[in-house]
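Student: here's my sequence, what's the structure:
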Amino acid sequence: MIGQKERDFLAKEFGTKLVNEVRLLVFTQEMPCMFCREAVDVVKELAEISPKLKAEIYDFIRDQMKAKELRVDNIPAIAVIGAKDYGVRFYGIPSGYEFGSLVGAVIDVSKGDSGLSKKTRDALRAVDGPIHIQVFVTPTCPYCPTAVRTAHKMAIESEMIWAEMIEATEFVPLAQKHGVTSVPKIVINDEFEFSGAVSEDLFVGHVLNALEHVSPVQPR
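Tutor: Predicted structure coming up:
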């Protein structure tokens, strides 16, 4: 699924940018699961490019305890874990523009560094309650990776945040629940919503606003 040209490019990128080992945990199921096989293939092929990447495949049913531990509640799912679990997740196959989001997440998690601005880092220190960010995307959306990357970087920066990319066309009931009619659509703590690839400042503003309300989710 990853062409030779892309493999060559990624080999150079990973060779210079990966620091710590990264585990790519894929949760799958033989039947019925649309795109589970493709998600497994992408992760396995990506792991072949660098010795610092390890692919781990889990069955969503047989490995329920592992899924619960990592807060994986749907499939296909990919958890990107480095020196620790930063709460970076992908639901659905990260194809199209979102393949770049996966690569970026792998590099950030390997470094253990969000790469966010000092202003954003300082603002996130105020996050003292649990924040769950869901970013709904489609593979053909050129603006979606910006929102996904910002959400994942925030999860890396703050112990109280975990963030998920959700491929809207693969998880239609969930997308309908949140009224996703355009992407990117961002949902915070299953309650607060906004759309578009906004700036870091505005994204942080939405996160801090969510803290002012009682949430049923728990910190990771």
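Student: from here on, contacts and neighbour counts on C-alpha atoms
Tutor: Will do.
Student: does residue 137 touch residue 165 like I think?
Tutor: Yes - using CA atoms under 8 Å, residue 137 is in contact with residue 165, at 7.0 Å.
Student: so where's this structure shaky on pLDDT?
Tutor: Along the chain, the model assigns pLDDT under 70 to residues 214-220.
Student: where along it do the helices fall?
Tutor: 4-17, 36-47, 64-69, 98-111, 118-124, 144-157, 172-177, 200-211 (DSSP state H).
Student: residues in contact with the fifth one?
Tutor: Here helix 118-124 makes contact (CA atoms under 8 Å, 6 or more residues apart in numbering) with 154, 157-158, 200-201, 204.
Student: from those, which two are the most distant?
Tutor: The largest distance within these, taken as CA to CA, falls between 158 and 201 and amounts to 15.5 Å.
Student: domain parsing of this protein, as residue ranges.
Tutor: What automatic domain parsing lists as the domains of the chain is 4-111, 118-211.
Student: run the chain-centre distance for the shortest one.
Tutor: If I follow you right, that is domain 118-211. Centroid separation for domain 118-211 versus its chain: 10 Å, with CA atoms, centre = their mean, to the nearest Å.
Student: what of the first one?
Tutor: If you compare the mean C-alpha spot of domain 4-111 with that of the full chain, they lie 9 Å apart, counting by CA atoms, centre = their mean.
Student: and it, end to end?
Tutor: For domain 4-111, the separation between the terminal residues is 25 Å (CA to CA, to the nearest Å).
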